[in-house]
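S.K.: Can you look at this prediction? I've put the sequence above it.
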Number of protein chains: 2
Amino acid sequence: MPTNLHTKITQRQPGIILYGITPPKANNTPEKIAEIAALQVERIAPLNVDGLVLYDIQDEADRTDAARPFPFLATLDPLTYSRDYLAALDIPKINYRCVGKYSPEQFRADLSALGNGVSVFVGAASREQQVSLSVAQAYALRRETNPDLLVGGVAIPERHLVKNDEHIRVAHKVAEGCSFFVTQCVYNVEAAKNFLSDYYYACQASGTAMVPIIFTITPCGSVKTLEFMKWLGISIPKWLENDLIHSGDILAKSLDVCKRIFSELLQYANEKGIPVGCNVESVAIRKDEIEASLQLVRDVQAMFSRV
Amino acid sequence: MPTNLHTKITQRQPGIILYGITPPKANNTPEKIAEIAALQVERIAPLNVDGLVLYDIQDEADRTDAARPFPFLATLDPLTYSRDYLAALDIPKINYRCVGKYSPEQFRADLSALGNGVSVFVGAASREQQVSLSVAQAYALRRETNPDLLVGGVAIPERHLVKNDEHIRVAHKVAEGCSFFVTQCVYNVEAAKNFLSDYYYACQASGTAMVPIIFTITPCGSVKTLEFMKWLGISIPKWLENDLIHSGDILAKSLDVCKRIFSELLQYANEKGIPVGCNVESVAIRKDEIEASLQLVRDVQAMFSRV
């Protein structure tokens, strides 16, 4: 039986809501990982989201010369983590694959393991990165070996500010088999609207149905996290950075900002009938930041239900 | 007796509202100019604005290699126009001076003619432009010969996106005698908020009182006007440009957009106690565009009165 998530994606429905986490660090003991997983299952099960995003982390040091604010530590493979530790969580898992990390043989095996599930293929972090497999090759392998796998792509509104072609990249990926997109974390609403607008008018002009665009929002709990977001290439308007830094409570302020941003995007999309969804990303470890992300899910669900 | 405008500027009050027009083309007959003036007096008198902005037009062809969408035609000198034709309009005139057009002797005479009125000094449109007088020289002449003249500067939020120093330019001009700023027409709310935010936090850090920042908004009645705005260097977010072009009624859409933009800026400024004002610019000739600008004044006045 197809899950709700499958139906919503293939019927290009608005209102998909996801929760995104990073698997535990790979250097934990199996007992520690099981303990973390039990806590996550307990938190996420009552949320009633359409799916759980599991990120596949790659070191993005190739992308910039700036020093990384947090050290890079390898994390458990999302496929392994969801199979071995999250079986108790009865919602679809969206396993990310940084395809450049895998050989064609490995990737073929992963495609088989993903079955008729859902995945998002992520390309190289920079042109300089050496990859074993390109995204185009990954899409081709999926078409050849497992077309039942629903696959999504990554959309980066920030890139649209500079190159103005993110909607064309999206159209190309749809042609290659993508049926939805998850964005990089959005703190720049103008960039997101610019991308959405160009995608909308291009689809209008060509008479193409739009696929779900799932915007990622994530609370920011500290100035160091803010620096890390900027390091990752997330665009934060100057006024917002000022307000966050000067705020007495950066976490509360960022929650408020995330809600405002998604509300503005949702209003804009609803006026035009664009199917947008929301992915609340929780990559922090602090308890108050995790609580904030859970509250954000509930707030976004309330926004969707008001539509 | 000082006018309300003088009081609001010198006491750094929020809520200043101005209406901005361009004097008639210089090649009109005096009879025709008198006729235009009579119409303008009739329209503007009931508006109850704090002041009337009279632009001093310079050809900005030096600023860009792109073809000018509308031909450049010289307009009547704002000082001449307000003295000879607008005496019946009993509100303060804010005469713009493109200072680069004048010799020091001419400018000295203008300063005397401006008396204890209000002016805005405008610099060269580009570094390449040959000028007889720099803005710094103009400020110095005003300090020496007519310090009673209230003088404002031009703020360009778009420049802040690129150079990040518009708040420093503003602070420098305040030191030279500026007591308020009028922005270039704003269609990019992020740029405006970035500038306002940096100005706010810089003043907080230095313990300096903020002077009134008067944001200019102007309805756009056609795609050709939109092109002209872009030619003038006004930044229009891609999504907004798309919506305006595809709108069945670009004038109504732009009115809605102008209101949303100013409302967002006002809310942002009020939260922080920044004294912002509004200048509704009407540089179009079509009757529906003029009517739209008058309605915009009334709408902004309603926003101010709700605060």
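M.R.: Everything's here; your move.

S.K.: hey, where'd the strands end up in chain A?
M.R.: Using DSSP state E, the strands of chain A run over A:17-21, A:51-54, A:93-98, A:118-122, A:150-155, A:178-185, A:213-217, A:276-281.

S.K.: quick one: contacts of the last one?
M.R.: Contacts with strand A:276-281, where a contact means CB atoms under 8 Å, 6 or more residues apart in numbering or on different chains, come from A:8, A:14-21, A:50, A:53, A:180, A:182-183, A:185, A:196, A:212-218, A:262, A:265-266, A:269, A:293, A:296-297, A:300, A:304. Quick note: C-beta positions are derived from backbone N, CA and C, even for glycine.

S.K.: Switch the strands of chain A over to a markdown table; also include mean neighbour count and mean pLDDT.
M.R.: Formatted as a markdown table, those follow (neighbours: other CB atoms under 10 Å in any protein chain shown; pLDDT from 0 to 100):
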| stretch | mean neighbour count | mean pLDDT |
| --- | --- | --- |
| strand A:17-21 | 23 | 97 |
| strand A:51-54 | 24 | 98 |
| strand A:93-98 | 24 | 96 |
| strand A:118-122 | 24 | 96 |
| strand A:150-155 | 24 | 97 |
| strand A:178-185 | 23 | 96 |
| strand A:213-217 | 25 | 98 |
| strand A:276-281 | 26 | 98 |
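
S.K.: From the contacts of strand A:276-281, list the ones also adjacent to chain B.
M.R.: A:L196 (CB under 8 Å from any CB of the partner chain).

S.K.: near chain B, which residues of the stretch 201-307 of chain A show up?
M.R.: Taking CB under 8 Å from any CB as the measure of proximity, the stretch 201-307 of chain A contacts chain B at A:201, A:237-239, A:242-243, A:246, A:268.

S.K.: any chance of those in CSV, with pLDDT too?
M.R.: Written out in CSV, the entries for these read as follows (pLDDT from 0 to 100):
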residue, pLDDT
A:Y201, 95
A:P237, 93
A:K238, 94
A:W239, 94
A:N242, 95
A:D243, 94
A:H246, 95
A:Y268, 96
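
S.K.: Buried ones only from these, please, as a ChimeraX command.
M.R.: ChimeraX command restricting those to the buried ones, with burial defined by 16 or more other CB atoms under 10 Å in any protein chain shown:
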select /A:201,237,238,239,242,243,268
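
S.K.: Now the two most distant members of the residues of the stretch 201-307 of chain A next to chain B.
M.R.: A:Y201 and A:H246 (37.8 Å; CB to CB).

S.K.: What is the burial count for A:V189?
M.R.: A:V189 is surrounded by 24 other residues when neighbours are defined as other CB atoms under 10 Å in any protein chain shown.

S.K.: thought it was touching A:L266?
M.R.: No: using CB atoms under 8 Å, A:V189 and A:L266 do not qualify as a contacting pair, with a distance of 11.2 Å.

S.K.: ok, now how distant is A:N95 from chain B?
M.R.: From A:N95 over to chain B the distance is 32 Å, taken as CB to the nearest CB, to the nearest Å.

S.K.: Would you quantify the distance from A:L265 to A:P14?
M.R.: 11 Å (CB to CB, to the nearest Å).

S.K.: One more: A:S247?
M.R.: Applying CB to CB, one obtains 32 Å for the distance of A:S247 from A:P14.
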